[in-house]
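> Sequence isn't available, so here's the structure alone:
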């Protein structure tokens with residue numbers, strides 16, 4: 001229970017995306033608790049790293065928690081981004097009510113698997129374009145490359161920034177409310 005006897009709602013959210021899209025950074029920046037990370041040093045097992053400055057990779061999951069308001073707590077589960085760990089995604093999606101798909105404009109196609117998997121599971125999601133200072137890609141270009149319907153929100157953000165990451169989660173919750181109210185075409 002919370003103040004004035006209001007019931008607290010705990011909600012599981014999954015943060016997905018390809019390698020190097022900022023899942024760990026987002027969970028770390030927005031979590032109000034010390035977030036859990038399972039990162040290891042990148043080895044030769046990762047072919048042709050598109051992001052040479054990246055030295056670590058998630059091998060299991062990231063976990064964090066944020067209270068959005070006096071009634072809503074989100075438990076955040078970040079998936080590993082490498083293709084060889086995608087078998088974990090189905091398990092992490094179990095019990096979630098929604099997801100955030102992270103996109104890096106340098107490798108938009110990396111998000112295709114996540115979009116397809118969430119569609120297959122029937123999990124509502126939004127797409128968040130993480131600003132890495134890469135090439136500009138218009139919303140239409142990103143939607144086209146991912147086959148993203150207009151009903152799926154697409155937002156821009158900076159995973160390193162707490163407020164920006166929180167904005168993404170609020171946008172997801174608003175989308176989930178719209179979906180549950182049956183207002184999505």
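The structure has been received and is ready for your questions. Treat the numbers as computed from the prediction; the structure is a model and nothing was measured.
> tell me which strands and helices the helix ranked longest in the chain is in contact with?
Secondary structure assigned by DSSP state H gives helix 162-180 as the longest helix of the chain. Contacts defined by 3 or more Cβ pairs under 8 Å, 6 or more residues apart in numbering; DSSP states H and E place helix 162-180 against strand 9-17, helix 23-30, strand 56-69, strand 72-78, strand 98-104, strand 125-130, strand 154-157. Just so you know, the C-beta spots here come from the backbone N, C-alpha and C atoms, and that holds for glycine as well.
> My read is that residue 107 contacts residue 18, right?
Yes - counting by Cβ atoms under 8 Å, residue 107 touches residue 18, with 6.2 Å between them.
> Which one of the two is surrounded by more residues?
Of the pair residue 107 and residue 18, residue 18 is the one with more neighbours under other Cβ atoms under 10 Å, namely 22 against 17.
> Can you tell me how far the more buried one is from residue 174?
25 Å (Cβ to Cβ, to the nearest Å).
> do residue 100 as well
Residue 100 is 13 Å from residue 174, by Cβ to Cβ.
> Likewise for residue 182?
Counting by Cβ to Cβ, the gap from residue 182 to residue 174 is 15 Å.
> now swap in residue 140 and tell me
As judged by Cβ to Cβ, residue 140 and residue 174 stand 22 Å apart.
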